[in-house]
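Visitor: need a structure here:
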Amino acid sequence: MSESSTEQTILIVDDTPDNVTVLDGILCNQYRVRFALNGERALAIARSTPPPDLILLDVMMPGMDGYEVCRRLKADPLTRPIPVIFVTALNESVSEAFGLSLGAVDYLTKPINPDITLARVKTHLALYDLNRTLEEKVNQRTAELHETRLEIIRRLSMAAEFRDEETGQHVERIAHYSFLMAQAAGLSKEQCDLLFNTAPMHDIGKIGIPDRILKKRGKLTPQERQTMEKHTIIGAKIIGEHPSDLLTAARMIALTHHERWDGTGYPYGLKGEDIPIFGRIVMLADVFDALVSTRPYKKAWSFERALNWIRQEEGRYFDPGLIPHFFEVLPDILAVRERYA
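Guide: Just a heads-up that it's a prediction; the model follows:
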């Protein structure tokens, strides 16, 4: 088949070589033309890289007819956007409504009229280009909104860190610890990335805790402890309820990262798998980092003491299913701690 300098490609599908030759003669001066003599070959070309920009598809073909080819094209997310124009003889009994219901955009009738063919092809290629441009703009805008939400989360996390300056780069470490454990636990890449981006919000509620309690040197009184525990509820209120996956996950982590496996945590006393997996992971990451860090109310524990205590609390504080994954990635966790000391 002939080729031109244009990047637009037309795929002609027809079991009769003479029909292919006629269409190629009409189109070859303006478009790159490919052809297939049966449905199977047409599907293979449509799924190739780069795919065709438009398909001229004969209806009546032996084996897999044009309707079935169109049905399969529209069932595949990779080929669904490609516009399909059915080509049929005037004396063939076909249903245009049926073809359009399968996802075709137009019909051409044989014998082929060159001017009409070029006009229809040009129109549908222009519409296809317009749809792709609009889709790119939507995707770009969606990415911008996603990045904006991420930046809001980063800024709010920094705000909480300013309130509790003793924690240093605690929120950065929690993000990395949580990501490592989520990977080891088999969560999907999307879930791991979501957890990494939202774990830093776990203590955002501390913004609402008075300094006299937040920075107290020494043990809190029972009343002060009750006030401190409210940072989970405050954090959830600050983040609010929103359909965004980012903000939904951040709210859930802020609310549940002090729940314990045995149901003795707060604020709701959730137990076992009633605690969301993100909350369970961040809880373990947060406790480990707190144990081996100096805080206003305590000196840093040694790694040995902290790790022994975590083993002892398996099934009480911590999800017993997560403990093996924690120790599996412990070398990486320690490397992160050194990097963000």
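
Visitor: shaky segments in the stretch 151-300 of the chain?
Guide: Across the stretch 151-300 of the chain, residues meeting the criterion (pLDDT under 70) sit at 153-168.

Visitor: one more pass at 50, please.
Guide: 166 (pLDDT under 50).

Visitor: return the residues in contact with residue 61.
Guide: Residue 61 makes contact with 13-15, 38-39, 69, according to C-beta atoms under 8 Å, 6 or more residues apart in numbering. Bear in mind the C-beta positions are built from the backbone N, C-alpha and C, glycine included.

Visitor: from residue 89, how far out is it?
Guide: As judged by C-beta to C-beta, to the nearest Å, residue 61 and residue 89 stand 12 Å apart.

Visitor: using CSV, list the CA coordinates for the helix or strand containing residue 55.
Guide: Remark: residue 55 resides in strand 54-58, with elements defined by DSSP states H and E. Extracted C-alpha coordinates of strand 54-58, given in CSV (Å, rounded to 0.1, in the frame of the first residue of the first chain):
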residue,chain,number,x,y,z
LEU,A,54,-9.5,5.4,11.5
ILE,A,55,-10.8,2.1,10.2
LEU,A,56,-12.8,1.5,7.0
LEU,A,57,-14.5,-1.9,7.7
ASP,A,58,-16.4,-4.1,5.3
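
Visitor: now the buried members of the contacts of residue 61.
Guide: Using 16 or more other C-beta atoms under 10 Å as the burial test, those include 13-15, 39, 69 as buried.

Visitor: take these and keep only those in strands.
Guide: In this view, the buried ones among the contacts of residue 61 that belong to strands under DSSP state E are residue 13.

Visitor: now the buried ones among the contacts of residue 61 in TSV, please, with extra columns for distance to residue 100 and pLDDT.
Guide: Shown next, in TSV, are these (distance: C-beta to C-beta, whole Å; pLDDT from 0 to 100):
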residue	distance to residue 100	pLDDT
13	17	95
14	20	94
15	22	92
39	19	93
69	15	95
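
Visitor: distance of residue 196 relative to residue 278?
Guide: 11 Å.

Visitor: overlap of the contact sets of the two?
Guide: Common neighbours of residue 196 and residue 278 (C-beta under 8 Å, 6+ apart) are residue 178.

Visitor: between those two, who's got more neighbours?
Guide: Higher neighbour count among residue 196 and residue 278: residue 278, with 23 against 18, using other C-beta atoms under 10 Å.

Visitor: part of a helix, is that one?
Guide: Yes: counting by DSSP: H, G, I helix; E, B strand; the rest coil, residue 278 is part of a helix.

Visitor: quick check: the gap between it and residue 79.
Guide: On the measure of C-beta to C-beta, residue 278 and residue 79 end up 36 Å apart.

Visitor: ranges for the helices of the stretch 151-300 of the chain?
Guide: Using DSSP state H, counting those that start in this stretch, the helices of the stretch 151-300 of the chain run over 170-184, 189-198, 211-214, 222-229, 231-239, 245-256, 277-291.

Visitor: elements contacting the fifth one?
Guide: Which is helix 231-239. Using 3 or more C-beta pairs under 8 Å, 6 or more residues apart in numbering; DSSP states H and E as the contact test, the elements touching helix 231-239 are helix 245-256.

Visitor: check which helices and strands the helix it packs on sits against.
Guide: For helix 245-256, the packing partners by 3+ C-beta pairs under 8 Å, 6+ apart come out as helix 114-163, helix 189-198, helix 231-239, helix 277-291.
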